[in-house]
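[1] Quick one, fold the following:
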Amino acid sequence: MSQKKCPYCGEFIQNNDLKCPKCFKEIPREKAVDTEYLIREEKKEKPKKASSSVVLLATIPAFFGLLGLGLMYSDHKNRSGYWFLVAGLVLFLPMLALLYMITHSGFLSAILLLVALVLLSIIYISAAVAALLETLFGSVFKVLRF
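    Down below sits the predicted model:
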């Protein structure tokens, strides 16, 4: 009788065996092995190149408080783009209010408001960079190697 290898552990088994005697996993039929391999190959995530329009949508609207538009354009079902949009507006609108209050306040209060504006700006810029990295690479953690 002819033998073949178990697709899971590599042990030689008989052609008519239904389970591997070593790893006890069910041996797929010949056609099932081919289709299972094709299905696994299709599911592998291939890195997508970001088009220039996606990069522009990820960068230019960030100057106006709109983060995540590049993510929403590339995949409208991805929720992270919408979360970036909400976070961007929540951070950007108070920055505008602080700018207005700085111009219409006294010297000491303007200094305190300026400190708050700088801190809020740092948080906003980091969120904008995170949205851009997520658009380009799919995740911030891929860039940071986590």
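[2] Can you pull the domain assignment for this structure?
    Segmentation of the chain into domains, based on automatic domain parsing, reads 3-43, 52-144.
[3] average model confidence for the longest helix along the chain?
    If you go by DSSP state H, the chain has its longest helix at helix 107-137. In this model, helix 107-137 has a mean pLDDT of 92.
[4] Check stretch 13-31 too.
    Stretch 13-31 comes out at a mean pLDDT of 82.
[5] Likewise for stretch 61-68?
    89.
[6] Number the residues from 37 up from this point.
    Okay, residue one is now 37; in that scheme the one you just asked about reads as stretch 97-104.
[7] how distant is that stretch from the center of its chain?
    18 Å (Cα atoms, centre = their mean, to the nearest Å).
[8] Do me a favour and get the end-to-end distance for it?
    Using Cα to Cα, to the nearest Å, the end-to-end distance of stretch 97-104 comes to 9 Å.
[9] What are the buried residues along that stretch?
    97-98, 101-104 (16 or more other Cβ atoms under 10 Å). To be clear about C-beta, it is placed using only N, CA and C from the backbone, and glycine gets the same treatment.
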